[in-house]
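Participant: need a 3D model of the sequence below.
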Amino acid sequence: QVQLIQSGGGLVQAGGSLRLSCAASGRTSTGYSVAWFRQAPGKERAFVAVVDSKDNTFYMDSVKGRFALSRDNAENTVLLTMNNLKPEDTAVYYCAADSSDGLSWYPTAYQLWGQGTQVTVSS
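Facilitator: Residues are numbered from 1 along each chain as shown. Below you'll find the model as predicted:
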């Protein structure tokens, strides 16, 4: 059974950095895109960034220049490196995979989801 296993996250002061990892266990194909979403308390799940199998990326405006995606196809892992973090980045972060290898920002486009990981940025 294919699963997305997340790691990373935690508590950091404003201006600091964190790295989130999303590993696809049980998957041998790399022809899929991986997106990151986040959900703050009382808010809907929101798109953050996405990378496809050809390393095309798309970021939401508020994280451009601060967040960066990278993928290691040999390890079936996608990393989200977050720099210059702000208190408004505080949320539970989820990775998600789309077997059609799209660059969608809609959660419904993704078939497989990670378990979520908390990111807290203190001011």
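Participant: could you find the closest non-adjacent residue to the most centrally placed residue in the chain?
Facilitator: Among the residues of the chain, the one closest to the centroid is residue 36, at 2.7 Å (Cα atoms, centre = their mean). Nearest in space to residue 36, with sequence neighbours left out and distances taken as Cβ to Cβ, 6 or more residues apart in numbering, is residue 48 at 4.3 Å. Heads up, the C-betas are built off the backbone N, CA and C, glycines and all.
Participant: I'd assumed residue 69 was in contact with that neighbour.
Facilitator: No: Residue 48 lies out of contact with residue 69 (Cβ atoms under 8 Å); the separation is 9.3 Å.
Participant: more neighbours: which of those two?
Facilitator: Neighbours of residue 48 and residue 69, each counted by other Cβ atoms under 10 Å, are more numerous for residue 48; the result is 25 against 20.
Participant: so the more buried one: helix, strand or coil?
Facilitator: strand (DSSP: H, G, I helix; E, B strand; the rest coil).
Participant: got the contact list for it?
Facilitator: When contacts are counted by Cβ atoms under 8 Å, 6 or more residues apart in numbering, residue 48 touches 35-38, 59-60, 63, 67, 80, 93.
Participant: again, but for residue 70
Facilitator: 51, 78-79, 81.
Participant: most neighbours of all those residues, which one?
Facilitator: Comparing these by number of neighbours (other Cβ under 10 Å), residue 78 comes first, having 26 neighbours.
Participant: my read is that one is in a strand, agree?
Facilitator: Yes: counting by three-state DSSP, residue 78 falls inside a strand.
Participant: would you confirm that it contacts residue 52?
Facilitator: No: between residue 78 and residue 52 no contact is recorded; they are 10.6 Å apart, counting by Cβ under 8 Å.
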